[in-house]
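>>> Need the 3D shape of this:
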Amino acid sequence: MALPDGSFDRLRAADCADEVAYVQACLRLYFAGPLAAAGDVSMRGLDDAKIADIARLNKVATFVLKALSRAPAQERPTELFQWLDTYRRRTVSMNASCIMDSMAIHEVLCASEIDFVFLKGPFQQHLLYGDYFMKPSGDVDILVSPLGFFRARDALRTIGYEVSGKSRSVWWIRFLGEQHMTRGDGPKSSTVDLHYRLQQPGSPSPRDADGFLRRKRQVEIAGATVPFTSAADTLLLSCISVAKALFNREPCAGYVCDIRASASGLDEEDQQRVLDAATAQGLDDTLLLGLRAADVLLGGGGTLLSERATRILSRIGNEDLLNMVIAPWLPSLRWPQRRTVLWELCGRAPVRYLAEAGWAASADISRRIFERPGSH
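You can find the predicted model right below:
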């Protein structure tokens with residue numbers, strides 16, 4: 001996540017614990033449902049700019065806007081509400097462009113008979129929240145099989161996309177398993193993230209990435225039917241995104257909200273099926289980490305998955321995990337070593353851990369070689 005405006009530095013230098021608590025309270029209010037009152041969210045003595053930074057970096061500004069919209073107009077924080085409304089309008093514009101780009105990509109890949117599935121983005125937001133514009137989506141994410149990767153890249157070139165310079169290296173293609181392709185310049189530019197792998201080195205990868213293609217569902221978008229990840233895989237991918245964000249020490253409350261939205265409708269049998277599917281992929285502990293993060297951020301518990309999730313990274317207290325998710329810039333935060341997290345997510349299985357750790361070490365060496373300035 002690029003933060004060119006120095007937001008991390010500003011927040012690190014400031015005492016923003018109360019503003020973090022405010023954003024968390026807004027998120028809990030959002031998930032409490034439309035009948036919940038907004039009276040528990042008070043802004044007395046808080047800094048609008050800090051709240052805006054926290055919400056933006058976590059991609060939850062629209063959640064905060066919708067929570068505050070339940071309060072009477074005269075009780076809303078005027079400046080913050082105006083900023084959130086502007087943010088929402090920009091998100092609508094960005095995601096509308098993303099949807100149009102997605103439909104063009106869908107057309108060319110279908111014409112080329114390439115098996116693919118859309119990941120994340122406005123389509124997922126509509127499925128989870130009934131709203132295409134909950135979080136800004138600047139890129140179109142697509143998963144193809146390793147065999148279909150270069151064919152998909154060639155197909156995208158026929159409609160003007162070219163591989164971005166930074167993603168030409170061995171590190172991107174071999175270890176990240178993706179490339180960024182861009183079309184045009186400036187505000188009208190378009191970016192596709194073309195994936196054949198679903199996790200970065202340092203966190204466990206799915207044993208069968210092609211399974212996400214086999215289990216895809218067809219969803220109706222703008223009068224067309226497009227392929228999207230299954231409901232269970234959508235939940236699992238959100239958990240993978242949280243693991244990736246924690247590895248990179250990036251804020252990830254937006255992904256955690258997706259986990260809660262994905263899991264909220266699961267009965268106990270559904271939860272067991274999701275856990276079994278994650279176990280088959282070698283990602284059961286990744287799933288449980290995401291679910292524990294959701295319980296810590298948004299409240300909850302008492303379900304089959306929540307009870308299982310309490311054992312994941314149990315040495316990390318709930319307060320520290322909360323801050324790892326929503327405020328990773330805090331200087332007081334005690335981060336676990338990355339290898340400790342990897343050991344936990346590998347189920348403390350030595351063979352799996354050594355394989356994943358070796359892959360991560362190879363990736364790091366490759367990145368240092370191929371990502372140096374002037375190495376392209």
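>>> Going by C-alpha atoms from here, please, whenever you check contacts or count neighbours.
OK.
>>> In the stretch 1-150 of the chain, mark out all the helices, start to finish.
Using DSSP state H, counting those that start in this stretch, the helices found in the stretch 1-150 of the chain span residues 7-13, 17-31, 48-57, 61-68, 78-111, 121-129, 149-157.
>>> Looking at those helices, spot the one closest to Cys257.
Across those, Cys257 has its closest neighbour in helix 17-31 (8.2 Å, CA to CA).
>>> just the CA coordinates of the closest one, formatted as CSV?
As requested, the backbone C-alpha atoms of helix 17-31 are provided in CSV (Å, rounded to 0.1, in the frame of the first residue of the first chain):
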residue,chain,number,x,y,z
ALA,A,17,-5.9,6.1,20.4
ASP,A,18,-9.3,7.9,20.8
GLU,A,19,-9.7,8.4,17.1
VAL,A,20,-9.0,4.7,16.5
ALA,A,21,-11.6,3.8,19.1
TYR,A,22,-14.1,6.1,17.3
VAL,A,23,-13.6,4.4,13.9
GLN,A,24,-13.9,1.0,15.6
ALA,A,25,-17.2,2.2,17.2
CYS,A,26,-18.5,3.3,13.9
LEU,A,27,-17.7,0.0,12.3
ARG,A,28,-19.5,-1.9,15.1
LEU,A,29,-22.4,0.4,14.6
TYR,A,30,-22.5,-0.3,10.9
PHE,A,31,-22.6,-4.1,11.5
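>>> Off-centre distance for it?
The chain centroid and the centroid of helix 17-31 are separated by 19 Å, computed with CA atoms, centre = their mean, to the nearest Å.
>>> what about the residue of the chain most remote from its centre, distance to Glu107?
No residue in the chain has its C-alpha farther from the mean C-alpha position than Gln74, which lies at 34.3 Å (CA atoms, centre = their mean). Per CA to CA, to the nearest Å, Gln74 is found 48 Å from Glu107.
>>> For the helix or strand of the chain with the lowest mean pLDDT, buried residues please.
The weakest-scoring helix or strand in the chain, judged by mean pLDDT, DSSP states H and E, is helix 7-13 (a mean of 73). For helix 7-13, the neighbour count (16 or more other CA atoms under 10 Å) marks Ser7, Phe8, Leu11, Arg12 as buried.
>>> Just send these back as a markdown table, with distance to Asn323 too.
What follows is those, written out as a markdown table (distance: CA to CA, whole Å):
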| residue | distance to Asn323 |
| --- | --- |
| Ser7 | 16 |
| Phe8 | 13 |
| Leu11 | 13 |
| Arg12 | 12 |
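>>> And those residues, which is closest to Asp18?
Nearest to Asp18 among the buried residues of helix 7-13, counting by CA to CA, is Leu11 at 12.0 Å.
>>> what's near enough to touch that closest one?
When contacts are counted by CA atoms under 8 Å, 6 or more residues apart in numbering, Leu11 is found next to Lys50, Trp329, Leu330.
>>> Burial check on the second one, number of neighbours?
It refers to Trp329. Under the neighbour criterion other CA atoms under 10 Å, Trp329 is assigned a count of 19.
>>> Could you pull up the residues touching the residue nearest to it when sequence neighbours are not counted?
Leaving aside its sequence neighbours, Trp329 sits nearest to Arg12 (CA to CA, 6 or more residues apart in numbering; 5.4 Å). Shown in contact with Arg12 (CA under 8 Å, 6+ apart): Trp329, Leu330, Pro331.
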